[in-house]
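A.B. asks: model the following, please.
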Amino acid sequence: MARWDDHKRLFYYTPGKNYETGIRDIKDGNYYRSIFNYHEVPKIDFDMRLIPIQPAEDIFITDTTFRDGQQSLAPFSVEQIETLYDFLHKIGGRNGLIRASEFFLYSGKDKAAVQRCLEKGYEFPKVTSWIRANKEDLKLVKEMEIDETGMLTSVSDYHIFLKLGSTRKKVLDDYLGIVKEALSLGIIPRCHFEDVTRADIYGFCVPFARELMRLREESGIDVKIRLCDTLGYGVTFPGAALPRAVDKLVRAMVDDAGVPSSLLEWHGHNDFHKVLTNATTAWLYGCSGVNTAIFGFGERTGNTPLEAMVIEYLSLRGHDKTVNTKEITKMADYVNAEFNFTIPPNYPFVGENFNVTRAGIHADGLVKNEEIYNIFDTKKILDRPIEIAITDKSGKAGIAHWINRHFKLDRPDEIDKRHPGVSRIYLNVVKEYEEGRTTSMSDDELEKLSMRFIPQIFLSGFDLIKYEAQEYASKLMAELLDSDDIRSMDPARQEPVIMEFIKEFPFIQFAYVTDMNGIKITQNITQPEYKGQFMHKMKVHEDCSDREWFVKTIEDGKLHVSGVCTSRITRALILTVSAPITDDYDEMIGVLGIDIRFEDVVKVIQSVYESRGMSMSPRDLQKYQRLLWEELHRSTGSSKFK
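C.D. replies: All right, here's what the predicted structure looks like:
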């Protein structure tokens, strides 16, 4: 009984005769009301007994992402489950740090996902299932040819009396019956001791576990036990009492029930912010397995985060080259992109800002040596280089560090905090906060300031597109410019050649030739879908002499790629490419121009990258599109005729 002790200033539990063993088949449930008064915050009571740390020889992780974890989100697709299962396999490595994963078997989609994962033939994580404790569900396990299944065996009187409307003896008989049935089918049963942190440990749980170990001995088949802290009541404080004390729960199973550590798992929830420390404590006191879900997914406040326990394992057991921690970051990127879920920015190890510092003095320290303010080499371990979030408190050192990291500048190209451009960026940042800003500067905002004040280090997405468009357009136009028909400056000869050209390249919206006075001499040569629009809005002999693309080509006799603009004819976003037409004596005699649709030119650039064995991500494409629109909005008074 937990009673307040004025001297100890704790709710103090006196063990008395120690703990009685054997099923205590009481008429009314034991709800530990001195601890769990529903109308008050639950109490933590102490018996002042301290026990030593006794970790198991082998510790490992199991996964419930596809069972408990999935219950907190929109249902996963088969493809999503398959991809996440691949990540678990890569992270856990060949030695099976992530030992097993559990799946539902009820729907067609559940079964399809299980089948996909089984077909991969991975040794780890082992595919297991979860069922309700009844024979009908057990048939599903047998049909899917799975050799291990979890089964719900609630152990607290809250569940036995209030949910099931039963008694301890009756539920014990029912549970043992379904375990025997599983063993008769050659299936390893894993009994989930639901709500164990509100259960009568020595009046029900230990006797139940002893019976399970007896069945294990008789059958020669392992029987596993998962200790489920369903509502997150577990505590790790020295001297805490049962049923909430994690250390004593684990040792009760190992020492008093005779459960081998290798057959024991801990499953926690985060209702009281203790899920990680409880799981680690279970490891330290002899529980081999800790059940987890990626990024803490799970009902209500979630389960033990899988990635956190990977890091915890390495903290306890040292470096393991078979564990691939960089895949944790890739898995986080996948979840953010594919699921209707965004990992919180400050979430440890994978959140967008987990290794981002804002304080200026911290940034200055990072510039000198990043070990000063980084938890470990996050670039090496998680493929996440340390970052600095810029505010008015970041100082010039923080801005210089952000620039060098963001633009991947190494010595001797690194920007020093004394660079005048850094000072000007810093003044602009400070001004933002003087005017009431409360959020940190975004990468996009800092990119713009860097373009403005340190342009030599920044090749914008627009500049890149112009460069690549120029490279590509020069190749496209070379054949045209060498054509005798084009060089004839006879529209009757030029027009058929240009028409065939734009048929071959449908991303070209409009093509034309002007004479040296800027007068368009060709008809409106365009794609079929635009003919009507150009017919009504474009003159046959349009005067283009004041257009930038014409003026620049006439001035230097070179190929030019214009700024971006909106076509006044089609309203599409376009780029104009212009080049000189020369005679046999290399004298300029006219200008050839083509208008290229922006969305299509980006695709063309992507294909150029692929031909070089490089890649351009969807994020890159979106970024270039945004920069092009900004270029459009910056241009004022453009007189392009398009």
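A.B. asks: the strands in the stretch 1-150 of the chain, which residues?
C.D. replies: 2-5, 10-13, 45-46, 60-63, 98-103, 126-131, 148-154 (DSSP state E, counting those that start in this stretch).
A.B. asks: paired strands for the fourth one, with orientation please.
C.D. replies: I take that to be strand 60-63. strand 98-103 (parallel), strand 289-292 (parallel) (DSSP bridges).
A.B. asks: let me know the angle separating the longest one from strand 148-154.
C.D. replies: Per axes from the mean of the first three to the mean of the last three Cα atoms, to 10 degrees, the angle that strand 98-103 makes with strand 148-154 is 70 degrees.
A.B. asks: buried residues, strand 98-103. List them.
C.D. replies: 98, 99, 100, 101, 102, 103 (16 or more other Cβ atoms under 10 Å). Any C-beta I mention is one placed from the backbone N, CA and C, and that applies to glycine too.
A.B. asks: just the residues you listed now: which is nearest residue 413?
C.D. replies: residue 98 (41.6 Å; Cβ to Cβ).
A.B. asks: nearest to residue 495, of the strands paired with strand 60-63?
C.D. replies: Of all the strands paired with strand 60-63, it is strand 98-103 that lies closest to residue 495, at 65.6 Å by Cβ to Cβ.
A.B. asks: contacts for that closest one next, please.
C.D. replies: 60-67, 81, 85, 88-89, 91-92, 110, 113-114, 117, 124-130, 148, 150, 289, 306, 310 (Cβ atoms under 8 Å, 6 or more residues apart in numbering).
A.B. asks: now do stretch 119-128
C.D. replies: 62-63, 85-86, 88-89, 92-103, 114, 117-118, 146, 148-150, 190.
A.B. asks: check the secondary structure at the spatially most central residue of the chain for me.
C.D. replies: With the centre of the chain defined as its mean C-alpha position, the nearest residue by Cα atoms, centre = their mean is residue 332, 2.0 Å away. Three-state call for residue 332 (DSSP: H, G, I helix; E, B strand; the rest coil): helix.
A.B. asks: that one contacts residue 295, correct?
C.D. replies: Yes - contact criterion Cβ atoms under 8 Å: residue 332 and residue 295 qualify, at 7.1 Å.
A.B. asks: now the strands for the stretch 151-300 of the chain?
C.D. replies: 188-194, 224-229, 264-268, 289-292.
A.B. asks: roughly how far is the shortest one from the heart of the chain?
C.D. replies: Using Cα atoms, centre = their mean, to the nearest Å, we find the averaged C-alpha position of strand 289-292 to lie 21 Å away from the chain's own average C-alpha position.
A.B. asks: tell me, how many residues neighbour residue 301?
C.D. replies: 15 (other Cβ atoms under 10 Å).
A.B. asks: how much space between the closest residue to residue 383 other than its chain neighbours and residue 333?
C.D. replies: Spatial nearest neighbour of residue 383, excluding adjacent residues (Cβ to Cβ, 6 or more residues apart in numbering): residue 326 at 4.4 Å. Remark: distance between residue 326 and residue 333 (Cβ to Cβ, to the nearest Å) = 11 Å.
A.B. asks: pLDDT averaged over the helix or strand hosting residue 590, what's the number?
C.D. replies: If you go by DSSP states H and E, residue 590 is part of strand 588-597. Taken as a whole, strand 588-597 carries a mean pLDDT of 91.
A.B. asks: can you list the strands that it pairs with?
C.D. replies: Strand 588-597 is paired, per DSSP bridges, with strand 508-514 (antiparallel), strand 573-582 (antiparallel).
A.B. asks: count the residues that sit near the residue nearest to residue 247 when sequence neighbours are not counted.
C.D. replies: Nearest non-adjacent residue to residue 247, counting by Cβ to Cβ, 6+ apart: residue 285, 4.4 Å away. Under the neighbour criterion other Cβ under 10 Å, residue 285 is assigned a count of 25.
A.B. asks: please apply the same query to the one 5 residues further on.
C.D. replies: Summarising burial for residue 290: neighbours were counted as other Cβ under 10 Å, giving 26.
A.B. asks: same check, this time on residue 50
C.D. replies: Neighbours of residue 50 using other Cβ under 10 Å come to 8.
A.B. asks: next, residue 375: secondary structure please.
C.D. replies: Residue 375 is classified as coil under three-state DSSP.
A.B. asks: tell me how many other residues surround it.
C.D. replies: So residue 375, with other Cβ under 10 Å, has 14 neighbours.
A.B. asks: let me see the contact set for it.
C.D. replies: Residue 375 touches residue 355, counting by Cβ under 8 Å, 6+ apart.
A.B. asks: and the pLDDT for it?
C.D. replies: 91.
A.B. asks: against residue 432, how distant is it?
C.D. replies: Applying Cβ to Cβ, the value for residue 375 to residue 432 is 29 Å.
A.B. asks: now swap in residue 330 and tell me
C.D. replies: Distance of residue 330 to residue 432, given as Cβ to Cβ: 34 Å.
A.B. asks: equivalent analysis for residue 35, please.
C.D. replies: 52 Å.
A.B. asks: go on, residue 9?
C.D. replies: 50 Å.
A.B. asks: comparing those two, which residue is more hemmed in?
C.D. replies: Neighbour count, other Cβ under 10 Å: between residue 9 and residue 432, residue 432 has more, with 16 against 8.
A.B. asks: tell me which other helices or strands the helix or strand that one falls within touches.
C.D. replies: Here residue 432 sits within helix 420-434, counting by DSSP H and E. If contacts are counted by 3 or more Cβ pairs under 8 Å, 6 or more residues apart in numbering; DSSP states H and E, helix 420-434 sits against helix 395-406, helix 443-453.
A.B. asks: now do the buried residues in that helix.
C.D. replies: For helix 420-434, the buried set under the neighbour-count rule, 16+ other Cβ under 10 Å, comprises 421, 422, 425, 426, 428, 429, 432.
A.B. asks: export these to a markdown table and append columns for pLDDT and distance to residue 482.
C.D. replies: Conversion of these to a markdown table gives the following (pLDDT from 0 to 100; distance: Cβ to Cβ, whole Å):
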| residue | pLDDT | distance to residue 482 |
| --- | --- | --- |
| 421 | 89 | 44 |
| 422 | 93 | 49 |
| 425 | 93 | 48 |
| 426 | 93 | 53 |
| 428 | 93 | 50 |
| 429 | 93 | 52 |
| 432 | 92 | 54 |
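A.B. asks: how many residues are close by residue 496?
C.D. replies: Neighbours of residue 496 (other Cβ under 10 Å): 11.
A.B. asks: one more: residue 436?
C.D. replies: 6.
A.B. asks: try residue 600
C.D. replies: 16.
A.B. asks: swap in residue 69?
C.D. replies: 24.
A.B. asks: report pLDDT for it.
C.D. replies: 90.
A.B. asks: right, and it touches residue 305 too?
C.D. replies: No - contact criterion Cβ under 8 Å: residue 69 and residue 305 do not qualify, at 10.2 Å.
A.B. asks: shared neighbours, the two?
C.D. replies: 293, 294.
A.B. asks: what sits against residue 576?
C.D. replies: 549, 561, 562, 565, 593, 594, 595, 596, 640, 642.
A.B. asks: how about CSV for those, with neighbour count and distance to residue 415 added?
C.D. replies: Output for these, formatted as CSV (neighbours: other Cβ atoms under 10 Å; distance: Cβ to Cβ, whole Å):
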residue, neighbour count, distance to residue 415
549, 24, 35
561, 22, 29
562, 23, 31
565, 22, 33
593, 24, 39
594, 25, 39
595, 26, 38
596, 25, 35
640, 20, 36
642, 22, 39
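A.B. asks: of the residues you listed, closest to residue 383?
C.D. replies: Using Cβ to Cβ, the shortest approach to residue 383 within the contacts of residue 576 belongs to residue 561, at 35.7 Å.
A.B. asks: from residue 544, how far out is that closest one?
C.D. replies: Distance from residue 561 to residue 544, by Cβ to Cβ: 17 Å.
A.B. asks: check residue 591 too.
C.D. replies: 8 Å.
A.B. asks: how about residue 179?
C.D. replies: Residue 179 is 87 Å from residue 544, by Cβ to Cβ.
A.B. asks: what do you get for residue 246?
C.D. replies: Distance from residue 246 to residue 544, by Cβ to Cβ: 80 Å.
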